[in-house]
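Student: Let's see this in three dimensions:
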Amino acid sequence: MKLQCDVEVVSRMLPTFGMRSRGKGARAVLSIGKHPDKSNQRAGVYMMICTAKDRAGSKYKLRDNIEKFFTWFVEEGKATVRLKEPAVDICLSKADANSLKNFLSAARLADRGSDTSSLPLSTLTPVRARDVENPKKKLTIVFKKDYPLTSNFPYSLEQLQVSYCKLSRVDMRMLSLKALRKLDLSNNHIKKLPSTIGDLGCLAELILHNNHLESFSEALCLSTLQRTLQHLDLSQNRLQGLPSQFCQLRELVNLKLDDNRLAWLPFHIGRLGKLKFLSAAHNQLALLPSDFRKLSLENLDLFGNPFTQPNPLDHTIQLKFPLPLQELASRAVVNLRIPYGPHLIPAHLCKDLEVAKTCDCSRVCVRFFIKTAVSMNLHQVSSTVVLVDDMGGTDAPVQQHFCSISCYSQFLDNCLQRGIR
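Tutor: Alright, predicted model coming up:
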């Protein structure tokens with residue numbers, strides 16, 4: 001039984017002499033195996049710790065010698081083994097969680113004096129220098145011939161780039177890299193993303209530039225990426241739209257959507273409160289969602305979209321007189337901020353409430369409204385704006401909703417007065 005991890009051996013006698021441990025582990029290989037006991041010439045089970053400075057290894061007896069296991073953070077690859085003699089704590093970190101559990105289980109059996117035939121014992125021999133090197137944090141593969149077919153990716157990777165390898169799908173071996181912070185799969189042929197990407201609990205940067213993606217699933221938007229993802233590059237794909245749940249990725253700072261087939265942006269894009277860089281050039285956007293006004297960006301690029309000059313008189317009326325009871329109740333729930341959820345009301349009503357529109361009067365409308373478009377200078381939402389068109393403009397059409405005819409009439413009156421002035 002062997003385990004690769006960071007190890008710090010801390011003497012519990014240090015405080016007696018007014019000393020402290022250095023608090024930093026060294027890369028090591030731990031082994032559990034037999035070693036002749038010179039006192040009675042029988043084989044005992046020992047734990048051996050080999051480091052770069054001590055490749056021959058230090059050995060510690062296990063039988064009846066473990067005072068306690070500290071395993072509160074074993075799922076994070078951390079644990080501590082407290083020995084009776086010598087009085088030391090063996091602190092383990094940066095280990096694979098499953099391998100660590102198996103190693104601790106073997107150590108526990110050895111401490112209890114279990115039959116050695118039932119233990120996964122190793123030969124206690126010095127290790128090679130490469131076995132105790134610091135774990136690899138970054139790996140870049142840009143040639144198909146270098147792509148590993150039989151071996152796994154180093155579990156310690158924090159940054160992985162696999163480009164120009166003609167991948168048609170995401171390799172499931174990548175999804176076991178729990179320390180991964182940056183995944184770059186640009187310039188491949190990936191058509192679909194597995195929802196298990198959302199299980200990468202540290203992933204802050206996901207680059208999928210120049211692939212064949214046709215959708216971004218709702219499951220990814222509702223995964224742990226909500227708390228970790230800060231940079232997302234979906235440029236040069238085949239996306240026609242993004243789900244409304246996309247705006248649950250509220251840690252996003254940088255979003256690239258260039259060169260797709262997007263006909264619309266997510267309705268509640270204004271909920272991306274941390275978004276600072278947005279690029280959606282060369283898509284099929286005819287107008288922007290009304291929630292776009294809530295953004296506060298540093299850089300915005302919408303060049304090459306088929307925006308047209310809006311006319312407030314061109315409108316769509318979706319109203320009934322009187323308003324249906326369901327509409328009145330839905331408006332009341334949102335206006336009064338009454339809590340709701342699928343455990344209280346039917347799920348389809350929850351979806352309606354999630355896309356409630358805000359009128360000029362600050363009240364909301366759900367299914368019944370008047371819709372038009374107005375022109376907005378994009379400098380209202382971004383410090384730097386790339387020109388919207390070849391004419392040097394920075395204005396774009398934004399959706400506008402009205403909860404009633406009176407609100408729409410007042411809006412037209414205001415437009416007329418501004419025109420007269």
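
Student: The longest strand anywhere in the chain packs against which elements?
Tutor: Taking DSSP state E as the assignment, the strand of the chain that covers the most residues is strand 26-37. The helices and strands touching strand 26-37, judged by 3 or more C-beta pairs under 8 Å, 6 or more residues apart in numbering; DSSP states H and E, are strand 2-11, strand 42-51, helix 97-111. Yep, even glycine has a C-beta here, placed from its N, CA and C like the rest.

Student: List the contacts of the spatially closest residue to Asp314 that is not a sequence neighbour.
Tutor: Nearest residue to Asp314, sequence neighbours excluded (C-beta to C-beta, 6 or more residues apart in numbering): Thr372, at 6.4 Å. Applying C-beta atoms under 8 Å, 6 or more residues apart in numbering to Thr372 gives the contacts Pro310, Pro312, Leu313, Asp314, His315, Thr316, Gln399, Gln400, Phe402, Tyr408.

Student: now do Asp64
Tutor: Contacts of Asp64 (C-beta under 8 Å, 6+ apart): Lys84, Asp111, Gly113.

Student: now do Asn305
Tutor: Asn305 sits next to Ala280, Ala281, His282, Asn283, Gln284, Leu285, Ala286, Val388, Ala396 when contact means C-beta under 8 Å, 6+ apart.

Student: can those go into a markdown table with extra columns for pLDDT, neighbour count and secondary structure?
Tutor: A markdown table is the format used below for those (pLDDT from 0 to 100; neighbours: other C-beta atoms under 10 Å; DSSP: H, G, I helix; E, B strand; the rest coil):
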| residue | pLDDT | neighbour count | secondary structure |
| --- | --- | --- | --- |
| Ala280 | 96 | 23 | coil |
| Ala281 | 95 | 19 | coil |
| His282 | 95 | 19 | coil |
| Asn283 | 95 | 21 | coil |
| Gln284 | 94 | 14 | coil |
| Leu285 | 93 | 22 | coil |
| Ala286 | 91 | 15 | coil |
| Val388 | 81 | 20 | coil |
| Ala396 | 91 | 25 | strand |
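
Student: filter the contacts of Asp64 to the buried ones?
Tutor: Neighbour counting by 16 or more other C-beta atoms under 10 Å classes Asp111 among these as buried.

Student: can you list the contacts of Asp64 in a markdown table and add distance to Asn187 and pLDDT?
Tutor: Formatted as a markdown table, the contacts of Asp64 follow (distance: C-beta to C-beta, whole Å; pLDDT from 0 to 100):
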| residue | distance to Asn187 | pLDDT |
| --- | --- | --- |
| Lys84 | 57 | 92 |
| Asp111 | 52 | 88 |
| Gly113 | 57 | 83 |
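
Student: now, among the contacts of Asp64, which is nearest to Thr196?
Tutor: Thr196 lies nearest to Asp111 out of the contacts of Asp64, by C-beta to C-beta, at 37.0 Å.

Student: And for the closest residue to the closest one other than its chain neighbours, the neighbour number?
Tutor: Beyond its immediate neighbours in the sequence, the residue positioned closest to Asp111 (C-beta to C-beta, 6+ apart) is Ile66, lying 4.1 Å away. Neighbourhood size, Ile66 [other C-beta atoms under 10 Å]: 21.

Student: Ile66 contacts Lys84, doesn't it?
Tutor: Yes - the criterion here is C-beta atoms under 8 Å, and Ile66 meets it with Lys84 at 7.3 Å.

Student: now the helices and strands packed on strand 26-37 as JSON lines including distance to Thr196?
Tutor: Converted to JSON lines, the helices and strands packed on strand 26-37 look like this (distance: least, C-beta to C-beta, whole Å):
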{"stretch": "strand 2-11", "distance to Thr196": "25"}
{"stretch": "strand 42-51", "distance to Thr196": "35"}
{"stretch": "helix 97-111", "distance to Thr196": "17"}
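
Student: what about the strands in the stretch 101-250 of the chain?
Tutor: Under the criterion DSSP state E, counting those that start in this stretch, strands of the stretch 101-250 of the chain are mapped to 138-141, 159-162, 182-184, 205-207, 231-233.

Student: Pull the distance from the last one to the chain's centre.
Tutor: When distances are taken as C-alpha atoms, centre = their mean, to the nearest Å, strand 231-233 is centred 10 Å away from the chain's centroid.

Student: Same check on the third one?
Tutor: A distance of 11 Å separates the centroid of the chain from that of strand 182-184, by C-alpha atoms, centre = their mean.

Student: And the first one, by the same measure?
Tutor: Taking C-alpha atoms, centre = their mean, the mean C-alpha location of strand 138-141 is offset from the chain mean by 19 Å.

Student: lowest-confidence stretch among the helices and strands packed on strand 26-37?
Tutor: The weakest mean pLDDT among the helices and strands packed on strand 26-37 belongs to strand 42-51, with a mean of 81.

Student: which one of the contacts of Asp64 is nearest Leu222?
Tutor: Closest approach to Leu222 among the contacts of Asp64 (C-beta to C-beta): Asp111, at 43.8 Å.

Student: Hmm, the closest one is touching Tyr60, no?
Tutor: No - contact criterion C-beta under 8 Å: Asp111 and Tyr60 do not qualify, at 11.1 Å.

Student: In the protein, where is pLDDT below threshold?
Tutor: For the chain, residues meeting the criterion pLDDT under 70 lie at 16-23, 36-43, 130-133, 390-391, 419-421.

Student: how's it carved up into domains?
Tutor: 2-132, 138-284, 316-378+394-420 (automatic domain parsing).
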